[in-house]
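Peer 1: show me the folded form of this:
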Amino acid sequence: MRTPFLYATKAPAALLGFLLGGAAGFLLTETAGALCTFVLDRTLDVDRSGTLLAAFIGVPILSALAGAVIGARWAGRPPRRNGGR
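Peer 2: You can find the predicted model right below:
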């Protein structure tokens, strides 16, 4: 019986990309918050601004989805010869 190609090779890479992308998105939002707090001396208040709250929720989710897509696309490719040249 033949295993579907998606589950055999792409699912672990997509999961890893999802986790790494989500972590990168979280790091990006935390860095933006720290930049505004320490450098600009302005605290970001997500209780008053729905747009800011949506950005702080949406950026890690979109980064995680982008990481999953990139991981799934790279999983099926053969390795390059000569160090990628």
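Peer 1: got the buried residues for stretch 45-62?
Peer 2: Of the residues in stretch 45-62, those buried under the neighbour-count criterion (16 or more other C-beta atoms under 10 Å) are Phe56, Val59, Pro60. The C-beta positions use only the backbone N, C-alpha and C, and glycine is treated the same way.
Peer 1: where do the helices sit along this structure?
Peer 2: With DSSP state H, the ranges of helices along the chain come out as 5, 11-34, 50-75.
Peer 1: got the angle between the second one and helix 50-75?
Peer 2: When you say that, I think you mean helix 11-34. Orientation check (axes from the mean of the first three to the mean of the last three C-alpha atoms, to 10 degrees): helix 11-34 against helix 50-75 gives 150 degrees.
Peer 1: pull helix 11-34 out as PDB, backbone CA atoms only.
Peer 2: Extracted as PDB, the C-alpha positions of helix 11-34 are listed here (Å, rounded to 0.1, in the frame of the first residue of the first chain):
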ATOM      1  CA  ALA A  11       3.700  16.900   7.400                       C
ATOM      2  CA  PRO A  12       6.700  16.800   9.800                       C
ATOM      3  CA  ALA A  13       8.400  19.700   7.900                       C
ATOM      4  CA  ALA A  14       5.100  21.700   7.900                       C
ATOM      5  CA  LEU A  15       4.700  21.200  11.600                       C
ATOM      6  CA  LEU A  16       8.300  22.300  12.300                       C
ATOM      7  CA  GLY A  17       7.800  25.300  10.000                       C
ATOM      8  CA  PHE A  18       4.500  26.100  11.800                       C
ATOM      9  CA  LEU A  19       6.200  26.100  15.200                       C
ATOM     10  CA  LEU A  20       9.200  28.100  14.100                       C
ATOM     11  CA  GLY A  21       7.100  30.600  12.200                       C
ATOM     12  CA  GLY A  22       4.900  31.100  15.200                       C
ATOM     13  CA  ALA A  23       7.900  31.600  17.500                       C
ATOM     14  CA  ALA A  24       9.300  34.100  15.000                       C
ATOM     15  CA  GLY A  25       6.000  36.000  14.900                       C
ATOM     16  CA  PHE A  26       5.800  36.100  18.700                       C
ATOM     17  CA  LEU A  27       9.300  37.300  18.900                       C
ATOM     18  CA  LEU A  28       8.500  40.000  16.300                       C
ATOM     19  CA  THR A  29       5.500  41.300  18.300                       C
ATOM     20  CA  GLU A  30       7.500  41.300  21.500                       C
ATOM     21  CA  THR A  31      10.400  43.100  19.900                       C
ATOM     22  CA  ALA A  32       8.000  45.800  18.600                       C
ATOM     23  CA  GLY A  33       6.400  46.100  22.000                       C
ATOM     24  CA  ALA A  34       9.800  46.500  23.700                       C
END
